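# pasted the sequence and its predicted model underneath.
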Amino acid sequence: MDFQIIVDSMPRLIEGFWLTIELSAIALMIGFVAAVPLAIMRLSSNPFMWMPVYGFIYFFRGTPLLVQIFLIYYGSGQFRLYLDDVGLWSLFREAYFCGLLTITLNTAAYTAEIFRGGIQGVAHGEVEAARSCGMSGWLLYRRIILPKALRLALPAYSNEVVFLFQSTSLVSIITLLDLTGVARIVVARSFAVYEIYITAGLMYLVVTYLFLGVFRQVEHRLSGHLRERPDARVTGTKPDIKVPDMEPGLQVR
Amino acid sequence: MLIDLQGYGWMLWQGLGVTLAVGVCSFVITICLGLIGAWGKLSGNPVAHAVAATYTTVIRGVPELLLLLIIFYGTPTLVQNIGSSYGYDFIIDFNPFIAGVWTLGFIYGAFATEVFRGAVLAVPVGQMEAARSVGMSHLLAFRRILLPQVWRFALPGLGNVWLVLTKATALVSVIQLDELMRMAFIGVGATKLPFSFYFCAALMYLGITFVSMQGQQRLESWANRGVRRA
């Protein structure tokens, strides 16, 4: 092991690491915002609504991300003349734009499917109760269905966040200098294969488990009303109405 | 031949064959490693547990592409360095097919470990106790009682691992194996039709996904034929 090379290339690795974080954050934000209407459209009974979304989700979930990246980055070259005409070629020429566009579309498709499951998981009774109170359409979604659905989808969504974060490493294949991309360049110049790759791997590992830890905390906080109260567990009887004043994070799972 | 692409369509079909071969071979390794890993995680042996836990933690925390690069480029260098420090100079060249198969099998073995672990835990403890109490040995009870049921509980998870694995075979093109993605890449170089080639490759992957999902449904309904449904 040559530790000097790790220290020397650290600044560049961190630079690449920021690009990885940046790509993940932007893609996740746009993907999340796009996924909610997509999931609602997917559940619509109108075939003009659900069929295109179904096709979109099926395509992006059924093909490798690498193919999608190549299809947009290299494939756009086949339509260069048309793209030039509408002034989009300057965008599609950039690896950054193509990489970001692809992973955004990819995560939008996966997230939409996760949210679909969440929306379908909302108890019928709650929706009926809201309808009987006169809520409908957007109000019903905003107040009852979406908050409950997002809560139900949280465990699956945290997985998607981690998978997306890791799959941004594929943009290094189209010359972007994210963490994996920088590592590959450093390795190509220094031949310090395992030092650099293992360092990069550890950086991914730490962030992955940091994400998972945060999500677990959030889940724990949001499920406070579903856990037994501490005094109920000890006495085995129904507790008083008064809820013990405890920090939710400290309660027993 | 449906896909012609200026006479280069056959290359894609050839690549599809290699992709399927890589997928099936690495899936066999995945299942074996998954069973061993699940045994490690569930056995009382602290060393086996620690090894299995480290394996699944590390593999699931690092991107597949990076793992592929580490294993494909890192392992020969490591072995050569160790060799040269003892005075042996040699050069190891990994065959990309074997390296790709082993790497993918090794990566998805970690996911299969979790699938099998969950499936074993889904079998009621009383059944194994009952088997032991009528005099079956550990191995016999495992073969007769546990394995047939684990299979059924593990099928949905394994199907998922297979779907993810076949898509991950595209990454093996990075280490110059002539599978579907690399064949498409070569075809693009000759014809300058990137969209057509990659779109056809995408359709082929979709075909694999579609057929696999159908097959999985059949298998599941076959495995659950003795189970009463509400």
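Received the coordinates, thanks.
# residue contacts, B:Glu179?
Applying Cβ atoms under 8 Å, 6 or more residues apart in numbering or on different chains to B:Glu179 gives the contacts B:Gly15, B:Val18, B:Thr19, B:Val22, B:Gly100, B:Thr169, B:Ala170, B:Val172, B:Ser173. Backbone N, C-alpha and C define where each C-beta goes, glycine included.
# can you check B:Gln176 too?
Contacts for B:Gln176 (Cβ under 8 Å, 6+ apart) come out as B:Pro96, B:Arg182.
# pLDDT at A:Trp89, what is it?
A:Trp89 is assigned a pLDDT of 89 by the prediction.
# and which of the contacts of B:Glu179 is nearest to chain A?
Taking Cβ to the nearest Cβ as the measure, chain A lies nearest B:Ala170 of the contacts of B:Glu179, at 3.8 Å.
# count the neighbours of the closest one for me.
The local packing of B:Ala170 (other Cβ atoms under 10 Å in any protein chain shown) involves 26 other residues.
# cool, A:Ala39 as well?
By the criterion of other Cβ under 10 Å, A:Ala39 has 25 neighbours.
# just checking, it touches A:Ala108?
No - in this structure, A:Ala39 is not within contact of A:Ala108 by Cβ atoms under 8 Å, at 10.0 Å.
# just give the number of residues close to B:Trp222.
Around B:Trp222 there are 10 residues (other Cβ under 10 Å).
# gap between it and B:Met213?
15 Å (Cβ to Cβ, to the nearest Å).
# neighbours of residue 46, how many?
Chain wasn't specified; assuming chain A. Other residues near A:Asn46 number 8, with proximity taken as other Cβ under 10 Å.
# that's the wrong chain, I meant chain B
8.
# wait, A:Leu154 touches A:His220, no?
No - taking Cβ under 8 Å as the definition, A:Leu154 is not a contact partner of A:His220, at 10.8 Å.
# which element is the closest residue to B:Thr56 other than its chain neighbours on?
In this structure, B:Thr56 finds its nearest non-sequential neighbour in B:Ala110, 4.5 Å apart by Cβ to Cβ, 6 or more residues apart in numbering or on different chains. Following DSSP states H and E, the helix or strand that holds B:Ala110 is helix B:96-122.
# tell me the helix or strand right after that helix.
Per DSSP H and E, the helix or strand that comes after helix B:96-122 is helix B:125-133.
# could you list the buried residues of that following helix?
For helix B:125-133, the neighbour count (16 or more other Cβ atoms under 10 Å in any protein chain shown) marks B:Met128, B:Ala131 as buried.
# residues in contact with the helix or strand just after that helix?
Next helix or strand after helix B:125-133 toward the C-terminus (DSSP H and E): helix B:138-141. Residues outside helix B:138-141 that contact it (Cβ under 8 Å, 6+ apart) are B:Met128, B:Ala131, B:Arg132.
# could these be laid out in a markdown table, adding pLDDT?
Output for these, formatted as a markdown table (pLDDT from 0 to 100):
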| residue | pLDDT |
| --- | --- |
| B:Met128 | 87 |
| B:Ala131 | 92 |
| B:Arg132 | 90 |
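# can I get those in a markdown table including distance to chain A?
Below are the contacts of helix B:138-141 laid out as a markdown table (distance: Cβ to the nearest Cβ, whole Å):
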| residue | distance to chain A |
| --- | --- |
| B:Met128 | 27 |
| B:Ala131 | 32 |
| B:Arg132 | 32 |
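# near chain A, which residues of chain B?
Within reach of chain A by Cβ under 8 Å from any Cβ of the partner chain, chain B has these residues: B:57-58, B:60-67, B:69-70, B:73-74, B:77-78, B:167-171, B:173-174, B:181, B:184-185, B:188, B:192-196, B:198-199, B:201-202, B:205-206, B:209-210.
# go again using 6 Å as the cut-off
For chain B, the residues in contact with chain A (Cβ under 6 Å from any Cβ of the partner chain) are B:61-63, B:65-66, B:69-70, B:73-74, B:77-78, B:167, B:170, B:194-195, B:198, B:201-202, B:205-206, B:209.
# all helices of chain B, in order?
Ranges of helices in chain B, per DSSP state H, are B:9-42, B:46-61, B:64-69, B:75-85, B:96-122, B:125-133, B:138-141, B:147-168, B:180-191, B:194-223.
# and what of the stretch 51-200 of chain A?
Counting by DSSP state H, counting those that start in this stretch, the stretch 51-200 of chain A has these helices, from start to end: A:65-73, A:80-85, A:89-92, A:95-121, A:124-132, A:137-140, A:146-167, A:179-190, A:193-222.
# pick the most buried one from these.
helix A:65-73 (a mean of 24; mean count of other Cβ atoms under 10 Å in any protein chain shown).
# that helix vs helix A:146-167, what angle?
When axes from the mean of the first three to the mean of the last three Cα atoms, to 10 degrees is applied, the directions of helix A:65-73 and helix A:146-167 differ by 90 degrees.
# now helix A:65-73 and helix A:95-121, what's the angle there?
130 degrees.
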